[in-house]
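Enquirer: coordinates for the following, if possible.
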Amino acid sequence: MSHTGQSGAGGEEGEPDVARRPGADRGTPLALVPRGGLWEGQVAVVGSTLIDGAVNGSLRGPGELHLGPEGRIEGVIDCEIVDSQGEIIGPMTARGRARLGPGARFEGDLEAPVLEVDDDAVWNGDARIGG
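Expert: Residues are numbered from 1 along each chain as shown. The predicted structure follows:
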């Protein structure tokens, strides 16, 4: 996972650099923007990227974007997978699939081949779903 030219702690040789919680399972990423944090600018989504704070800017890349319940994004999202439980304001493109989970709030247009919307999610916008 990297953002504007910076990357997290290195993994084993041959693995991408991904920041992880100390002692956490290898598949659990550290929040790129922690709860209460703010990031302004572009974020390169590579690997599994967790946002628990606020981002004002674009998030683009071949990875998976996970937005926690306290997370908020205002900007353009263009990733392989988007899984949100937070708030998104702006257009979203998910090349693989998009999920608006419990408590998700989304204000914007969406393009994805597969979409899953939880009963608790709120969405206002247009959609282009499928291939």
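Enquirer: residues contacting S84?
Expert: S84 makes contacts with L65, H66, L67, G71, A98, R99, L100, G101, A104, F106, as judged by C-beta atoms under 8 Å, 6 or more residues apart in numbering. Where you see a C-beta, it was placed from the backbone N, CA and C, and this is true even at glycine.
Enquirer: could you find the closest non-adjacent residue to it?
Expert: Once flanking residues are discounted, S84 sits nearest to L67: 4.1 Å by C-beta to C-beta, 6 or more residues apart in numbering.
Enquirer: need the per-residue pLDDT for A9.
Expert: For A9, the model assigns a pLDDT of 35.
Enquirer: got it, and the one 10 residues further on?
Expert: Taken from the predicted model, the pLDDT recorded for A19 is 37.
Enquirer: go on, G131?
Expert: Taking G131 on its own, its pLDDT is 70.
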